[in-house]
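Undergrad: Structure of the sequence below:
(2 chains)
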Amino acid sequence: MTVAINTELVDLAEDVFGGAAAGTGFDAPLWATLEQTGLARLTLPADVGGSDGSFADAAIVLAAAGAHAARVPLVETDLLAGWLLQAAEIPLPAGPLTLATGDLDVARTVRRAAGVLHRVPWARSVAGIVVLAGDHALLIDPADVTITEGFNLAEEPRDTVTIDGPVTASSIEEHVGTQLRLRAALGRAQLLAGATASALASAVRYAEERVQFGRPIGRFQAVQQQLALAAAEVAAAQAAAQAAARAADAAGVLGAELPIAMAKARASEAAGVVARIAHQVHGAIGFTREHDLRLATTRLWAWRDEDGSEAQWQETVGAAALAAGPEGLWPLITGTP
Amino acid sequence: MAQDGPVTSMLARLPALVPPPAELPPRAVRLRAEVREFLAAERAAGAWSPRADVWLSGWDERFTKELGRRGWLGMTIPVEYGGKGASALDRYVVTEELLAAGAPVAAHWVADRQIGPSLLRFGSEEQRRRFLPGIAAGEVYFGIGMSEPDSGSDLASVRTKAEQVAGGWELTGTKVWTSGAHHAHAFFALARTAPRDDANRHAGLSQFIVELDTPGVTIRPIPLLTGAHHFNEVVFDRVFVPDAMVLGEIGSGWHQVTSELAFERSGPERFLSTYPLLAALVGELGSTADAGARREIGALVSRLWTLRRMSLAIAGALESGAAPELAAALVKDLGTRYENEIIDAARLLVATPPDPHAEPGFARLLADAVLHAPGFTLRGGTNEVLRGIVARGLGLR
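TA: Presented below is the predicted three-dimensional model:
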């Protein structure tokens, strides 16, 4: 049976992200629209201002965000920081959030923490910095920290945050760290799937428009074959990311550890191939600031390594496969013991 | 030279590359358990040992009849014709379990995958009653006659000719690479029933059901590079085929042949031909695997899991009446390359050379796989032809 896709959500996501303006830095108007439409906190429960959406819903929205190079901390707010705050029963502040994991010196009794967090996504633009520090969840007001700006390959903020001040703290259960790591990989896989599709779409369009030797280069079989290889990688990234979201809906995030690991591994693997072919087809212009291809490909290069590269997740999957052994391998792949 | 439109318009023109995710029905869990139990018992009894590329090479009529007895062949055939009236997703479960186990499925492969569905779609009532019960019972075996000495990828150039005679047609020509024709009872032959028209190359082709013991049919082996006999040349010398054995409409052969391609190209046999070698590789490595080997196995497992999800999505789409030809071509291109990737990982991670005459196990599976690999990316449409189909789907040709 084919699972029904929420076509209304697909259309809404295309409208919202497709309508966002080009630019750099945090996209405040887009964020406002995401809040108005309920997409900003899609998977969170209604009682904390969420939309009670599924991971399959999030897959639709995040793929669109990735495809349109949205400049907002959506995974961070919805899947990570918001989720951790509500799990820790800390009231959610309004606005965008980010999440970091780090070794902070937490003095819970005096409600203070100190330490340095590295490569925190969008820290300079958020209303709350949420930190998983050992067995504590912390909420920190950005006004109380020092932020040194940093970036990833796609010029997305990855800031250094120096903390020595007040925090809201709450203790959390042990599995939360694992769950956050998996949620981050699941979200990143959806973004990657979206960005592979836009890199391919850009390359197909360029191949139709660019004329050499008297015809569009897309008429040459050598170029067609390359684009077909890229299309196969895009399809694989999409299928893997969507399947992992379904698995997380069915079995919970912890129960979907392997599907999520496999999806991030496969999507990261696809990212490199698609970016390489998209650039090859675009020729020199795609390698310049004058062309928008970089919006997709720099994200592919950044995101394939963020939240676990393919090598890291492949090792997780490989260890599970080897532990399953020759007889247990097929049940592992089919998910049916 | 900035682009003259936003990314939105480019994305909107990109076709759907893979159908929406599909899930197997809940009843599949029990069916799968039954098949696994049966396969475990067969292996415990030493009935066969796992091989690679079993759907070409594993001809075992006892095994096929046993599957038929259990209702696992022709599953989608309606009960009135001897089948189970089950869904294609039920068949998917049985098929993938058989392939993953490396079980000998060649005897019924073509009949179960292609002939049954084609007869249901295009066959006459008489043809269905005559062949379908035997297919579902695992007692009637079929081949497919499409390629010819001068017609491979360019199938529309077939020259086998069918001339109308009293009460039927007379076929003359040569078919090649026909798997299992030396054991099969009948095959589907694609032949030209009207002269070739260069303006409409797909017109004038028709399909015939030819019983292989008909006078004028000569079957000669074309040994594989291993020496094994699976392929055949089938020569027709004025072979009479009665009107009742025309499949579908005269002149509709091209449409009939191509309408089944999404089924043929997206099934689990397009990425599981070397799965038994992957399982053996995991066994060889065991707990001694270093980080590099773990990553390699993890990469192969992640790709396989993904391919299976893509293939299932297509099966789900087919079940609901769609014909995702583009997605099927992508699965076959990725899947058949993947079958080769398993071989390279096995070679490089384990220092045991391939040995075609070894006892059942890693070395023999590796030998099977290496020697059969050239076929993976050729059969059912070469990968280059498939990428042409993808390019067309992308709007490039």
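
Undergrad: pLDDT weak spots in the chain?
TA: Went with chain A since none was named. Low-confidence segments of chain A (pLDDT under 70): A:1-5.

Undergrad: wait, I meant chain B there
TA: Those would be B:1-9, if you go by pLDDT under 70 across chain B.

Undergrad: Go ahead and flag the most central residue of it.
TA: For chain B, the residue nearest the mean C-alpha position is residue B:264 (5.2 Å; C-alpha atoms, centre = their mean).

Undergrad: Not counting sequence-adjacent ones, nearest residue to it?
TA: Leaving out its chain neighbours, the residue that sits closest to residue B:264 by C-beta to C-beta, 6 or more residues apart in numbering or on different chains is residue B:380, at 5.6 Å. (Each C-beta comes from the backbone N, C-alpha and C, glycine too.)

Undergrad: one step back: now do the phi/psi pair for the residue nearest to the centre of chain B.
TA: Torsion angles at residue B:264 (phi, psi; degrees, to the nearest 10) stand at phi -70, psi -30.

Undergrad: ok so, going back, quick check: the residue nearest to residue B:264 is in a strand.
TA: No. Looking at residue B:380 with DSSP: H, G, I helix; E, B strand; the rest coil, it is coil, so not inside a strand.

Undergrad: Do I have it right that it meets residue B:265?
TA: Yes. If you go by C-beta atoms under 8 Å, residue B:380 and residue B:265 touch, sitting 5.9 Å apart.

Undergrad: which residues do those two both contact?
TA: residue B:332 (C-beta atoms under 8 Å, 6 or more residues apart in numbering or on different chains).

Undergrad: ok, these two, which is more surrounded?
TA: Using other C-beta atoms under 10 Å in any protein chain shown, the more surrounded residue of residue B:380 and residue B:265 is residue B:265, with 26 against 18.

Undergrad: What about residue A:220, how many residues nearby?
TA: For residue A:220, the count of nearby residues is 16 (other C-beta under 10 Å).

Undergrad: mind listing the helices for the stretch 1-150 of chain B?
TA: B:7-13, B:28-44, B:54-57, B:61-69, B:88-100, B:106-110, B:116-122, B:125-137 (DSSP state H, counting those that start in this stretch).

Undergrad: between those helices, which gets nearest to chain A?
TA: Closest of the helices of the stretch 1-150 of chain B to chain A is helix B:7-13, at 3.6 Å (criterion: C-beta to the nearest C-beta).

Undergrad: For the residue nearest to residue B:264, give me its contacts.
TA: B:264, B:265, B:270, B:332.

Undergrad: Which of these fall in helices?
TA: Among these, the members found in helices (DSSP state H) are B:264, B:265, B:332.

Undergrad: Make a markdown table out of these and add distance to residue A:198.
TA: Formatted as a markdown table, the entries for the ones in helices among the contacts of residue B:380 read as follows, by distance: C-beta to C-beta, whole Å:
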| residue | distance to residue A:198 |
| --- | --- |
| B:264 | 32 |
| B:265 | 27 |
| B:332 | 25 |
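
Undergrad: nearest to chain A, of the residues you listed?
TA: Out of the ones in helices among the contacts of residue B:380, the member with the shortest distance to chain A (by C-beta to the nearest C-beta) is residue B:332, at 9.6 Å.

Undergrad: separation between the nearest residue to the closest one once chain neighbours are set aside and residue A:229?
TA: Excluding its sequence neighbours, the residue lying closest to residue B:332 (C-beta to C-beta, 6+ apart) is residue B:265, at 4.2 Å. Per C-beta to C-beta, to the nearest Å, residue B:265 is found 16 Å from residue A:229.

Undergrad: same deal with residue A:180?
TA: Residue A:180 is 35 Å from residue A:229, by C-beta to C-beta.

Undergrad: Pick out whichever of those two has more residues nearby.
TA: A count of neighbours by other C-beta under 10 Å puts residue A:180 above the other of residue A:180 and residue A:229, at 24 against 20.

Undergrad: what's the next secondary structure element after whichever helix or strand the more buried one is part of?
TA: In the assignment (DSSP states H and E), residue A:180 maps to helix A:176-209. Using DSSP H and E, the helix or strand that follows helix A:176-209 towards the C-terminus is strand A:211-212.

Undergrad: contacts for that next one?
TA: By C-beta under 8 Å, 6+ apart, strand A:211-212 touches residue A:217.

Undergrad: Show me how far whichever helix or strand comes after it is from its chain's centre.
TA: Downstream of strand A:211-212, the next assigned helix or strand under DSSP H and E is strand A:215-216. Here strand A:215-216 is found 37 Å from its chain centre; the criterion is C-alpha atoms, centre = their mean, to the nearest Å.

Undergrad: what packs against strand A:215-216?
TA: Counting contacts by 3 or more C-beta pairs under 8 Å, 6 or more residues apart in numbering or on different chains; DSSP states H and E, strand A:215-216 is packed against helix A:176-209.

Undergrad: if we can go back for a sec, assess the claim that the residue nearest to residue B:332 and residue B:386 are in contact.
TA: Yes. With contacts counted by C-beta under 8 Å, residue B:265 reaches residue B:386, the gap being 7.4 Å.

Undergrad: so what sits against both of these two?
TA: Common neighbours of residue B:265 and residue B:386 (criterion: C-beta under 8 Å, 6+ apart): B:329, B:332.

Undergrad: number of nearby residues for residue A:277?
TA: Residues near residue A:277, counting by other C-beta under 10 Å: 21.

Undergrad: immediately after the helix or strand encompassing it, which helix or strand?
TA: In the assignment (DSSP H and E), residue A:277 maps to helix A:257-282. Once the chain leaves helix A:257-282, the next helix or strand it forms, by DSSP H and E, is helix A:293-305.

Undergrad: touching chain B at all, that next one?
TA: Yes. Under the criterion of C-beta under 8 Å from any C-beta of the partner chain, chain B is reached by helix A:293-305 at A:295, A:296.

Undergrad: Give me the angle between that helix and helix A:257-282.
TA: 150 degrees (axes from the mean of the first three to the mean of the last three C-alpha atoms, to 10 degrees).

Undergrad: and the stretch 51-200 of chain A, which residues reach chain B?
TA: A:56, A:67, A:68, A:69, A:197, A:198, A:200.

Undergrad: Shouldn't the fourth one be within a helix?
TA: No. With three-state DSSP as the criterion, residue A:69 is assigned coil and is not in a helix.

Undergrad: For it, which residues are in contact?
TA: Residue A:69 neighbours (C-beta under 8 Å, 6+ apart): A:154, A:195, A:198, A:295, A:296, A:299, B:7.

Undergrad: Which one of these sits in the busiest neighbourhood?
TA: Top of the contacts of residue A:69 by neighbour count (other C-beta under 10 Å): residue A:195, with 34 neighbours.

Undergrad: Verify the stated contact: it with residue A:66.
TA: Yes. Counting by C-beta under 8 Å, residue A:195 touches residue A:66, with 4.4 Å between them.

Undergrad: who touches both of the two?
TA: Joint contacts of residue A:195 and residue A:66 (C-beta under 8 Å, 6+ apart) are A:299, A:303.
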